[in-house]
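1. task: produce atomic coordinates for the following.
(2 chains)
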Number of protein chains: 2
Amino acid sequence: MTDKMGKLSITPPQTQGATNVTRVEHKVTPESRVRKNGHKPGVIWLTGLSGSGKSTLAIGLEKALFDHGFQTYVLDGDNLRYGLNKDLGFSPEERMENIRRVGETAALFARAGFIVISAFISPYRTDRAQARVAAGEDFHEVYVSADIEVCEARDPKGLYKRARAGEIPDFTGVSAPYEVPEAPDLVVDSGHQKVEETLQDLLDYVSEKFTLKS
Amino acid sequence: MTDKMGKLSITPPQTQGATNVTRVEHKVTPESRVRKNGHKPGVIWLTGLSGSGKSTLAIGLEKALFDHGFQTYVLDGDNLRYGLNKDLGFSPEERMENIRRVGETAALFARAGFIVISAFISPYRTDRAQARVAAGEDFHEVYVSADIEVCEARDPKGLYKRARAGEIPDFTGVSAPYEVPEAPDLVVDSGHQKVEETLQDLLDYVSEKFTLKS
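-> Modelled structure (predicted):
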């Protein structure tokens, strides 16, 4: 906020007559949000195998962008699976619905002016294409590229081990496919680079695509 | 953004080692979002009959708050029913799920630092209680109070007329109940006041509850 407020007031009056309660258009334009925030909005859609580093990168990117003054927020399993999507299990249909809702929620955040970062495996092209439709031109697909051997060697949550033991059905990369993006907006090599290097690649991309040219 | 950026950099490095990709906590704290935005976050949950003025008030409040420097966004039927909730019809179960998702999405926006304003009839106490649980102490229930006679006389979308003709089943106030909030955080009298007056009441409330005391 730019000024210390005393009493907030409607200046200038922006409302319609009292009896006019028909549908009204939202009055805060996308352009005015860009001016306020100092950057463009959008969805940074991280896709990649389990263990490729999506969550680490999302959280690191959020922190770095926030520290640089951006409005930013991460959507991931932690805040979606226990809230908005807590009614969904892990059947193919429910996974599709999970990703659909992430895409629609991300689009809302972009419309609100945010750079929203999503971190989901999202293995299917059709699901990611649907998320792109929801956000339109503000959608940026980022392939977090790491070979399955690398991811399985990391196995941070022990999921690959359980999947190989047959305890997790339809596990991406083991018993279910991962469809590599055909035309991602960015590819980052999280299989060979250090996290800091990959984060810098992401920051360079954001700097190019989201900052305002003066 | 406070400075013109050249190359964005990770300063200081916030990342973990390259091989450490276990679950990491979000590093942007709610407190740091409050400091950046200059105000507290929360959900302004407008509830009331069709025609009570929720959408008009939500959009007017968003505009006024935005102009005062707040980060704010409206969730309403326009941006939810055609996106996140487009799979939902109007059966009792689907209406409940509609409101549940609105509540969870609103909670995400509040966690991201926003004052998010929702404008849905949300006629049932249990549904609103669930939305309050999702957002926790950041939830503010606002009863947009207008008698059904007033709302029906306005009938901005012609819905009451259609409901009376039996064309819309389970229409709130006509053939389905509206459960008046028992302990709302705020009641605004949109039945008798001008929109400008009701908006001022909402602004006064926000000023009291969301601005930082210096």
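2. do you know the pLDDT at the residue lying closest to A:G53 once chain neighbours are set aside?
-> Spatial nearest neighbour of A:G53, chain neighbours left out: A:S190 (4.1 Å); criterion: C-beta to C-beta, 6 or more residues apart in numbering or on different chains. C-beta: built from backbone N, CA, C; applies to glycine. A:S190 is assigned a predicted lDDT (pLDDT) of 95.
3. A:I168 too?
-> Reported pLDDT for A:I168: 91.
4. now the residue nearest to it when sequence neighbours are not counted, what's its secondary structure?
-> Of all residues not flanking A:I168 in the chain, A:R162 sits nearest, at 5.1 Å (C-beta to C-beta, 6+ apart). Look at A:R162: counting by DSSP: H, G, I helix; E, B strand; the rest coil, its state is helix.
5. against chain B, how distant is A:R162?
-> A:R162 sits 15 Å away from chain B, going by C-beta to the nearest C-beta, to the nearest Å.
6. show me the contacts for the residue nearest to A:G53.
-> Applying C-beta atoms under 8 Å, 6 or more residues apart in numbering or on different chains, we find A:S190 in contact with A:48, A:52-53, A:57, A:144-146, A:198.
7. in strands, which of the residues you listed fall?
-> A:144-145 (DSSP state E).
8. and of the contacts of A:S190, the nearest to chain B?
-> When the contacts of A:S190 are compared for distance to chain B (C-beta to the nearest C-beta), A:G53 wins out at 5.0 Å.
9. helices of chain A, residue ranges please.
-> A:30-37, A:54-67, A:77-79, A:92-111, A:125-135, A:148-154, A:159-164, A:195-210 (DSSP state H).
10. what comes up buried for the longest one?
-> Translated: helix A:92-111. A:95-111 (16 or more other C-beta atoms under 10 Å in any protein chain shown).
11. spell out whether it and chain B are in contact.
-> Yes: shown here: helix A:92-111 in contact with chain B (C-beta under 8 Å from any C-beta of the partner chain) through A:97, A:101, A:104-105, A:107-109, A:111.
12. do the fifth one as well
-> Yes: Helix A:125-135 reaches chain B (C-beta under 8 Å from any C-beta) through A:A134.
13. what's the angle from that helix to helix A:92-111?
-> Calculated by axes from the mean of the first three to the mean of the last three C-alpha atoms, to 10 degrees, helix A:125-135 forms an angle of 30 degrees with helix A:92-111.
14. neighbouring contacts of helix A:125-135?
-> The contact list for helix A:125-135 (C-beta under 8 Å, 6+ apart) reads A:42-43, A:45, A:47, A:96, A:99-100, A:102-104, A:106-107, A:110, A:118, A:122, A:139, A:141, A:179, A:181-182, B:83.
15. run through who's touching the helix or strand bottoming out on mean pLDDT in chain A.
-> Least confident helix or strand of chain A, by mean pLDDT, DSSP states H and E, is helix A:77-79 with a mean of 85. Helix A:77-79 has contacts (C-beta under 8 Å, 6+ apart) with A:55, A:119-120, B:23, B:26, B:108, B:111.
16. which among these gets closest to A:P30?
-> Proximity of these to A:P30 (C-beta to C-beta) peaks at B:L108, which lies at 19.7 Å.
17. pretty sure that closest one is touching A:D76, no?
-> No: checked against C-beta atoms under 8 Å, the pair B:L108 and A:D76 is beyond contact range at 11.2 Å.
18. how about low-confidence regions in chain A?
-> A:1-6, A:10-24, A:214 (pLDDT under 70).
19. nearest residue to A:P169 in space, please, no chain neighbours.
-> Spatial nearest neighbour of A:P169, chain neighbours left out: A:S175 (6.5 Å); criterion: C-beta to C-beta, 6+ apart.
20. distance of that neighbour from A:Y160?
-> Per C-beta to C-beta, to the nearest Å, A:S175 is found 11 Å from A:Y160.
21. of those two, who's got more company?
-> A:Y160 (22 against 12; other C-beta atoms under 10 Å in any protein chain shown).
22. residue contacts, the residue most central in space within chain A?
-> Most central in chain A under C-alpha atoms, centre = their mean is A:S118, positioned 2.2 Å from the mean C-alpha point. By C-beta under 8 Å, 6+ apart, A:S118 lies in contact with A:43-46, A:58, A:74-76, A:102-103, A:106, A:131.
23. who wins for neighbours among the residues you listed?
-> Neighbour max across these (other C-beta under 10 Å) = A:I44, 30 neighbours.
24. assess the claim that A:E97 and A:L88 are in contact.
-> Yes: the pair A:E97 / A:L88 is scored as a contact, 5.8 Å apart, by C-beta under 8 Å.
25. burial measure for A:D78, as a count.
-> By other C-beta under 10 Å, 16 other residues sit near A:D78.
26. how far away is it from B:V28?
-> Taking C-beta to C-beta, one finds A:D78 at 14 Å from B:V28.
27. same thing with A:S118?
-> Taken as C-beta to C-beta, the span from A:S118 to B:V28 is 16 Å.
28. before we move on, what about A:R35?
-> 23 Å.
29. comparing those two, which residue is more hemmed in?
-> B:V28 (20 against 11).
30. wait, that one touches A:A64, no?
-> No: assessed by C-beta under 8 Å, B:V28 is found out of contact with A:A64, at 9.9 Å.
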